[in-house]
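Novice: Would you be able to build a 3D model of this:
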Amino acid sequence: MTPRTPYRIDELLLHLTDRDLRVLEVLEQFRLLDTRLIQRLQFPIGSNQSAGEHATAASATRTTTRVLRRLESHGLVARVGRRVGGRGHGSGQTVWQLDAAGERLLRARRGATGRRRYVDPGTGFLAHTLDVARYAATLQEKARADGFEILELQTEPVSWRPFQAAHGGALTLKPDLSVVTADTESETHSFIEIDRDTEHLPAVLRKSRRYQQYWQAGIEQAINDLFPAVVWVTPDDKRADKIRRGITEDRALDARLFHATTAEQSLGVVAPYTSRNSEGGSL
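Specialist: Next up is the predicted model:
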């Protein structure tokens with residue numbers, strides 16, 4: 001079977017458009033996406049038809065569904081086995097991930113080695129992963145509406161930052177997202193932590209201390225002459241207040257490094273400075 005693999009990949013590529021490949025790549029980047037998120041990330045709604053925007057939500061949804069079913073028929077994407085629903089998530093959205101053939105195809109195009117093992121995700125991991133993607137989709141929509149660019153949007157594990165602790169020992173900072181936005185006048189760098197109010201405050205403070213250790217290492221400052229804002233994105237104001245108080249009261253932390261705010265309010269922090277007076281989107 002092994003000698004047939006290159007031929008199979010070449011054969012599949014003959015049936016795929018650039019848009020198909022972008023869908024596979026965004027699934028690889030975010031690991032898990034529901035149908036609605038794939039539509040938001042790859043089949044946007046707007047008036048610019050030449051830029052690939054769809055005139056209506058119904059049109060965008062139909063196209064998204066059609067593309068996913070075709071990719072599924074080629075064994076490139078797979079349904080995860082549980083559907084998401086409930087308040088804010090739509091009703092019965094199918095969750096997708098790359099299938100083995102899709103992962104193999106993308107690796108072959110890059111000339112990469114190795115293999116990723118796919119398993120059915122746990123409920124907590126699934127919810128957090130979709131929330132990270134939902135935030136990225138909303139930021140992308142805000143950028144399109146307000147006319148700024150997203151120069152960089154790194155997801156895990158690309159967003160990870162290995163470094164040496166001040167007293168020795170290798171550590172790794174693991175942001176949910178690393179984001180750089182820009183307009184004609186300013187550029188903003190941010191580390192994003194999507195908080196679902198499922199962890200106790202001590203866990204949040206431990207992660208904040210890891211950010212401070214990374215700040216003290218000076219790596220980002222040496223590269224970009226700045227340290228990104230650390231943005232804790234919370235589900236509500238009450239949780240944001242709790243995290244802000246915890247950081248302020250922790251004598252080991254410099255509170256100036258951190259923001260804790262709701263998803264909608266955080267968009268103003270992550271956007272370029274000159275875009276911060278416009279209204280945020282909704283997650």
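Novice: which SSE is the spatially closest residue to L32 that is not a sequence neighbour in?
Specialist: Residue nearest to L32 in three dimensions, not counting chain neighbours: T129, with 4.7 Å by Cβ to Cβ, 6 or more residues apart in numbering. (C-beta placed from N, C-alpha, C; glycine too.) Assigned by DSSP states H and E, T129 belongs to helix 123-146.
Novice: List the buried residues of that helix.
Specialist: For helix 123-146, a neighbour-count test (16 or more other Cβ atoms under 10 Å) marks 126-144, 146 as buried.
Novice: and if you look at stretch 11-18?
Specialist: So for stretch 11-18, counting by 16+ other Cβ under 10 Å, buried means L12, L16.
Novice: what's next to it, contact-wise?
Specialist: Here stretch 11-18 makes contact (Cβ atoms under 8 Å, 6 or more residues apart in numbering) with H74, L76, A101, L105, R109.
Novice: I'd like the mean pLDDT over that stretch, please.
Specialist: The average pLDDT for stretch 11-18 rounds to 88.
Novice: How about stretch 121-133?
Specialist: Averaging pLDDT along stretch 121-133 yields 95.
Novice: Likewise for stretch 271-278?
Specialist: Throughout stretch 271-278, pLDDT has a mean value of 73.
Novice: ok, back up a step: show me which of the contacts of stretch 11-18 are buried.
Specialist: H74, L76, A101, L105.
Novice: Now tabulate the residues you listed in JSON lines and tack on pLDDT.
Specialist: Formatted as JSON lines, the buried ones among the contacts of stretch 11-18 follow (pLDDT from 0 to 100):
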{"residue": "H74", "pLDDT": "92"}
{"residue": "L76", "pLDDT": "94"}
{"residue": "A101", "pLDDT": "90"}
{"residue": "L105", "pLDDT": "93"}
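Novice: how about a markdown table for the residues you listed, with secondary structure and distance to T262 added?
Specialist: Below are those laid out as a markdown table (DSSP: H, G, I helix; E, B strand; the rest coil; distance: Cβ to Cβ, whole Å):
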| residue | secondary structure | distance to T262 |
| --- | --- | --- |
| H74 | coil | 40 |
| L76 | coil | 36 |
| A101 | helix | 40 |
| L105 | helix | 39 |
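Novice: Let's have those in JSON lines, adding distance to Q265.
Specialist: JSON lines is the format used below for those (distance: Cβ to Cβ, whole Å):
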{"residue": "H74", "distance to Q265": "42"}
{"residue": "L76", "distance to Q265": "38"}
{"residue": "A101", "distance to Q265": "42"}
{"residue": "L105", "distance to Q265": "40"}
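Novice: Just flag the most distant two among these.
Specialist: Spanning the widest gap among those are H74 and L105, at 9.3 Å by Cβ to Cβ.
Novice: Thought V95 was touching V77, still the case?
Specialist: No. Judged on Cβ atoms under 8 Å, V77 makes no contact with V95 at a distance of 10.7 Å.
Novice: Looking at these two, which is more packed in?
Specialist: Neighbours per residue, other Cβ atoms under 10 Å: of V77 and V95, the larger number sits with V77, 24 against 20.
Novice: hang on, K207 in a helix?
Specialist: Yes. Read with DSSP: H, G, I helix; E, B strand; the rest coil, K207 is one of the residues of a helix.
Novice: The closest residue to it other than its chain neighbours bridge partners, please.
Specialist: Among residues not flanking K207 along the chain, E193 sits closest, at 6.8 Å (Cβ to Cβ, 6+ apart). Beta-bridge partners of E193, counted by DSSP bridges, are W232.
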